[in-house]
Structure formats: C-alpha cells, structure tokens
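Q: Quick one, what's the 3D model for this:
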Amino acid sequence: MRALRRALVALGAALLLASCSSGNADSPAATTPPPQLKAASFPSPLDVPKPDLVDLKGQPYDFAQQFRGKVTLLYFGYANCPDVCPTTMADIARAYQQLDEGQRKRAQVVMVTSDPDRDTPEAFGEWLRQFNPDFVGVTGKVDDIVKAAHSVAIGLEAPKANDSGDYEVTHGAQVLLYTPEAKATGYYRSGASSDDMLTDLRALLDR
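A: Numbering: from 1, shown residues only. The predicted model follows:
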C-alpha cells in the first residue's frame, strides 16, 4: 500500500511539472513575433545613431530618448538636394499623412541634414515644413553628423568643393524604420513606395 501511495504521489508531481512547463510555453507573456514588414530587414536590429546632435532650436537631441516609445522614420539628406531628397520626403509625407490622428501621435519623421552649413535651422525648418509641420529636423557639426550616419550604416561624407568649383554633398538614400524600442528593424531603398511605408507604420503601431 505504501508503495502504491508513493507511486501516486510521484505521478502527481510529474503531471504538475508537465503542466507548469506547458503553461509557460503557451503563456500570453511570451514574446510576440514581429510583424512581416515591407522594409528590407537588417541581419540584426540597429541601435540609434551616435553621437547625439541638436535640434533646430539648438537644444541637444538625444536619439535614444526621442525615439523610444514611437515608430520613427529616419533619413539623412539636405534641403538643396535636386532630386532624391525631396522625392523621398514627399513619399514619407504621403504615408505619414494617411495615418489617423492617434497613430500620428505615436509616430514621427526625423531628418538629419548632411549639409549643416547651408541648411541653417531657419532654412532647413522651412524646407521641412513644406512636407509636414510635424517633421523633426536635426543638425550639428558636420563631423558628428558623418559619425552618426556611419553608426547606422548610412554612407555619408562631409560636403566639399570639387575641382570644377561645384559644391558636392553625398548621402545614403536609405530611410531607416525604428520600432518603439528604439531599434532599426529595417530600411527602405531609394524609390520605395509610400504604400509600403504606410503598411509598415500601421503594422508596428497596431502591435
């Protein structure tokens, strides 16, 4: 009888452990898989740019603090760009504007100038407002801007005059997509559609 009682106790303990294990695996607290996005994905998420820069009022702009809690589109470019930058920003603006009011409060568009000498805070701010008054402009010392771009895999060089006397500004054409955890989960290549951006923004905002 004692042997039978011990066997029953052991069986009950085994079932309890099995139940706990199964419950943990199916727990609602398990990590939710990220949504399938239209953006090209990185092998692993990128952190925010380093070093921090300044906003158009000259106040320190802390990327980690400003990005946390919002879905963010980040772009490096300049106001005097003749083609890629205005086209890209127009596509971004089209996607952003189609979000509802509540979604726009949890999303943001940030553009870092790659030409800080000519993109004065006044000129750069006025240019951004043509696309949307909510868009955030960021600037700083050119060396810091280059470092910030390189830290998030964006190709960018300091502006310089070439042999013919023209003023050259180089910058990557990618738009980075950040989650509310301040991690860049993917990017859009030049020419990406506003529909793809809108789809991804909604997917991340509706998680």
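
Q: rest of the way, CA atoms for contacts and neighbours
A: Will do.

Q: how about the helices of the chain, start to end?
A: Taking DSSP state H as the test, the helices found in the chain are 2-25, 63-67, 84-97, 101-105, 121-129, 142-151, 194-205.

Q: T185 is in contact with F42, correct?
A: Yes: counting by Cα atoms under 8 Å, F42 does reach T185; the two are 6.3 Å apart.

Q: The two: who's more crowded?
A: Higher neighbour count among F42 and T185: T185, with 21 against 11, using other Cα atoms under 10 Å.

Q: Might you report the residue contacts of the more buried one?
A: For T185, the contact set (Cα atoms under 8 Å, 6 or more residues apart in numbering) comprises 41-42, 44-46, 176-179.

Q: Buried subset of these as a ChimeraX selection?
A: To isolate the buried members of those in ChimeraX, using 16 or more other Cα atoms under 10 Å:
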select :41,46,176,177,178,179
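
Q: L204: neighbour count?
A: 19.

Q: Run a quick check on it versus T179, I expect a contact.
A: Yes: with contact defined as Cα under 8 Å, L204 and T179 form a contacting pair (6.9 Å).

Q: Now for the two: what residues contact both?
A: Counting by Cα under 8 Å, 6+ apart, the residues touching both L204 and T179 are V71.

Q: between the helices of the chain, which gets the lowest average pLDDT?
A: Ranked by mean pLDDT, the helices of the chain bottom out at helix 2-25, with a mean of 35.

Q: how about the CA coordinates for stretch 35-52, as PDB?
A: Extracted C-alpha coordinates of stretch 35-52, given in PDB (Å, rounded to 0.1, in the frame of the first residue of the first chain):
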ATOM      1  CA  PRO A  35       5.100  41.600 -38.000                       C
ATOM      2  CA  GLN A  36       6.100  40.900 -41.500                       C
ATOM      3  CA  LEU A  37       7.400  44.200 -43.000                       C
ATOM      4  CA  LYS A  38       7.800  45.600 -46.500                       C
ATOM      5  CA  ALA A  39      11.100  47.200 -45.400                       C
ATOM      6  CA  ALA A  40      14.300  45.400 -46.200                       C
ATOM      7  CA  SER A  41      15.500  43.800 -42.900                       C
ATOM      8  CA  PHE A  42      18.800  44.100 -41.200                       C
ATOM      9  CA  PRO A  43      20.600  40.800 -40.000                       C
ATOM     10  CA  SER A  44      20.100  42.200 -36.500                       C
ATOM     11  CA  PRO A  45      18.400  45.400 -35.400                       C
ATOM     12  CA  LEU A  46      20.500  48.600 -35.300                       C
ATOM     13  CA  ASP A  47      20.700  51.000 -32.300                       C
ATOM     14  CA  VAL A  48      20.100  54.700 -32.600                       C
ATOM     15  CA  PRO A  49      22.700  57.000 -34.200                       C
ATOM     16  CA  LYS A  50      25.700  58.100 -32.200                       C
ATOM     17  CA  PRO A  51      26.700  60.700 -31.200                       C
ATOM     18  CA  ASP A  52      23.700  62.800 -30.300                       C
END
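
Q: from the chain's centre, how far out does it sit?
A: Relative to its chain's centre, stretch 35-52 lies at 6 Å (Cα atoms, centre = their mean, to the nearest Å).

Q: That's all I had, so thanks and see you.
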